[in-house]
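S.K.: I need the structure of the sequence given here:
(one chain, ligands or ions: 1)
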Amino acid sequence: MKLLEERILAEGKAVSEEILKVDSFINHQVDPVLMQQIGEAFAAHFKDRGITKVVTIESSGIAPAQMTALALGVPLVIFKKQPSRVLNDNLRQTVVTSFTKGTSYELTLAQDFLTEEDHVLIIDDFLANGEAATGCIRLLRLSHATVAGVGVLIEKSFQPGREKLTEQGHEVYALARIGRLEKDRIEFLPADDAH
Ligand code: 5GP
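M.R.: Now for the predicted structure:
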């Protein structure tokens, strides 16, 4: 997505050769117009897949996932990161290791919101090692829901996330793909919507 790549070049900051900061338009301050265009781009690609729900992980995935769900006309389910302090039989949980923070959290879903009837599109801001997306897929499996695909705004293609997911038979659709990250240099690979 040309618009997203231009924005990354203009405002993205490589914190290291592995981490890109996009706090001014995705992660902290959010550009709602860009999010709307992103949502429409995902919806255009996945519109004929019979998607019944969009899921994401709080919090950075919510803005683009909400716009995608709106464009597809389906609900958004937000997987929570807080561990449950209240005993509740209704919860499904799986442990995920955070790439950026180096810590783990318990990804949590109230089981009422996904069923075996659901055909689910996973949306997230970044794809790095694929831990977050794989955690989402584990929760979808526990709910007997089907994975329709994984849409990410930014894939860091020098990390193994895409490979891990495609090896398991899941489609990854990335609007921007970064082949290389250096302090003052961001190199893109052709994005999945460029074909
Ligand atoms: P993964 O689970 O694929 O290793 O990492 C994806 C998750 O880590 C995303 O949900 C995202 O929030 C975070 N993440 C991974 N890489 C980056 C990055 O370069 N910048 C930012 N801001 N977040 C990242």
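
S.K.: every contact and neighbour count from this point should use C-alpha atoms.
M.R.: OK.

S.K.: could you point out the longest helix of the protein?
M.R.: helix 32-46 (DSSP state H).

S.K.: and this protein, which residues reach the ligand?
M.R.: When proximity is defined by CA under 6 Å from any ligand atom, the chain lies next to the ligand at 19-22, 60, 98-100, 124-132, 161.

S.K.: what residue lies at the spatial centre of the protein?
M.R.: A centroid search over the chain (CA atoms, centre = their mean) returns D124, at 1.3 Å, as the residue closest to the centre.

S.K.: mind checking which helix or strand the closest residue to I78 other than its chain neighbours is in?
M.R.: The shortest distance from I78 to any non-neighbouring residue, by CA to CA, 6 or more residues apart in numbering, is to T56 (5.2 Å). T56 is part of strand 53-57 when elements are defined by DSSP states H and E.

S.K.: using CSV, write out every CA atom in that strand.
M.R.: Once side chains and other backbone atoms are set aside, the C-alpha atoms of strand 53-57 remain, and they are given as CSV (Å, rounded to 0.1, in the frame of the first residue of the first chain):
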residue,chain,number,x,y,z
LYS,A,53,-15.6,-11.9,12.5
VAL,A,54,-12.3,-10.0,12.6
VAL,A,55,-10.1,-10.5,15.6
THR,A,56,-7.1,-8.6,16.9
ILE,A,57,-4.9,-8.3,20.0
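
S.K.: listing partners with orientation, what would you give for that strand?
M.R.: With DSSP bridges as the criterion, the sheet partners recorded for strand 53-57 are strand 76-79 (parallel), strand 119-127 (parallel).

S.K.: can you list contacts of the shortest one?
M.R.: To tie it back to what came earlier, the one meant is strand 76-79. Applying CA atoms under 8 Å, 6 or more residues apart in numbering, the set of residues contacting strand 76-79 from outside is 53-58, 62, 65-66, 69, 107-109, 113, 136.

S.K.: quick check: the nearest residue to M1 once chain neighbours are set aside vs V150, distance?
M.R.: Counting by CA to CA, 6+ apart, M1 lies nearest to L175, which is 5.1 Å off, once chain neighbours are set aside. In this view, L175 and V150 are 11 Å apart by CA to CA, to the nearest Å.
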